[in-house]
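In: Show me the folded form of this:
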Amino acid sequence: MDMHHPRRHGDGLPIRSSRDGDRARFSVSTGSSADRMARCAEVRGRLDALVGEEPLLRVDGLVAGYGRVEIVRGVDLRLGEGQALCLIGPTGAGKSTILHSIFGLTDIRGGRIEVGGRNVTRLGTNAKLRDAGIAYVLQDSSLFPDMTVEQNLWLGGYLMGRRADARQAAERVFDRYPWLALRRDDPARVLSGGERRLLEISRALVMQPRLLLVDEPSIGLEPHFIEQVFAMLRDLRDREGLTIVMVEQNAKKGLELADIGCVVVAGEIAMVGSGPELLRDPTVGRLFLDG
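Out: Residues are numbered from 1 along each chain as shown. Just a heads-up that it's a prediction; the model follows:
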């Protein structure tokens, strides 16, 4: 490939790619401000086509970071109710920062975030959870190790201000996942990494969210637990109609689940397509799916 001239692949946006030994680099072709505006318009148009109706999640021109550090630059996202979106891309591209911004964990300098038509851009994390129905499963464990599985589930209800309903909600989760019921009296610290991840997702269900954010659900897990985690997420989308946005380094697994896939590079959306389209794209395959 000519490294100085962008090429188009599938339904994505102009990109440039190269290899440095075995390391892939993937960069947005910058160009003029008019070129950038055209790319943003193409992203929005492609997302609108993939959603096909009024989106549950709408992100317009998001600019965000931490303190003085700007990481996300003009990101647009759309996601319909009951759809799953997967963000893939190189380490440090800003994928997790997008999730953090949706949940209220960054300094937002520009843009707008809507859930169900409501502007939630400036809401704090508690309000986003309680009032907007946004739950976040963090990359790092957020369980209380000395509390039992059941008590960790109750906490989901407590966070929503529904202490009286927490136990009933936990029982519904146990009915849905019998393996979890068998561990209800065990402290979280004795669970394997895969079991802890499944418990964290289950606790999010107790919060009865409209929108579930999941950061690196498969990270550090053994293959059979990776399969269980993605089976759970697929079940929640298909049977419960839950809307899911995930960041996933295992791009193949993430795109197999995703209705919509986005490649994030240097804080911007570089490519957009359906999950199957990106799985078939030769550049995505070479840079993110090989091995």
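In: Give me the pLDDT for the closest residue to Gly275 other than its chain neighbours.
Out: Among residues not flanking Gly275 along the chain, Ala258 sits closest, at 3.7 Å (CB to CB, 6 or more residues apart in numbering). No exception for glycine: its C-beta is placed from N, CA and C like everyone else's. Looking at Ala258, its pLDDT is 97.
In: so Asp60 bridges to which residues?
Out: According to DSSP bridges, the residues that bridge with Asp60 are Arg112.
In: In space, what's closest to Val137 - neighbours in sequence excluded?
Out: Val214 is the one closest to Val137 (CB to CB, 6+ apart), at 4.6 Å.
In: mind listing what that neighbour touches?
Out: Val214 is in contact with 136-137, 201, 233, 244-247, counting by CB atoms under 8 Å, 6 or more residues apart in numbering.
In: Could you do Asp107 as well?
Out: With CB under 8 Å, 6+ apart, Asp107 has these contacts: 64-67.
In: Strands of the stretch 1-150 of the chain, residue ranges please.
Out: Taking DSSP state E, counting those that start in this stretch as the test, the strands found in the stretch 1-150 of the chain are 15-20, 23-28, 57-66, 69-79, 84-88, 107-115, 118-119, 134-137.
In: Could you export the ones you listed as TSV, including mean pLDDT?
Out: As requested, these are arranged in TSV below (pLDDT from 0 to 100):
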stretch	mean pLDDT
strand 15-20	42
strand 23-28	44
strand 57-66	97
strand 69-79	96
strand 84-88	98
strand 107-115	97
strand 118-119	96
strand 134-137	94
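In: circling back to that earlier point, which is the succeeding secondary structure element to the host helix or strand of the residue nearest to Val137?
Out: Assessed by DSSP states H and E, Val214 sits inside strand 211-215. Using DSSP H and E, the helix or strand that follows strand 211-215 in sequence is helix 223-240.
In: Which SSE is immediately downstream of that next one?
Out: strand 243-247.
In: For the next helix or strand along the chain from that next one, C-alpha coordinates in PDB please.
Out: The helix or strand immediately downstream of strand 243-247 is helix 251-257, counting by DSSP H and E. Output in PDB follows, covering the C-alpha atoms of helix 251-257 (Å, rounded to 0.1, in the frame of the first residue of the first chain):
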ATOM      1  CA  ALA A 251     -11.800  -7.300  18.200                       C
ATOM      2  CA  LYS A 252     -13.000 -10.500  16.700                       C
ATOM      3  CA  LYS A 253     -15.200 -11.400  19.600                       C
ATOM      4  CA  GLY A 254     -16.400  -7.800  20.000                       C
ATOM      5  CA  LEU A 255     -17.300  -7.400  16.300                       C
ATOM      6  CA  GLU A 256     -19.000 -10.800  16.200                       C
ATOM      7  CA  LEU A 257     -21.500  -9.500  18.800                       C
END
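In: about what we covered before: out of the contacts of Asp107, grab the one that's most surrounded.
Out: Ala64 (25 neighbours; other CB atoms under 10 Å).
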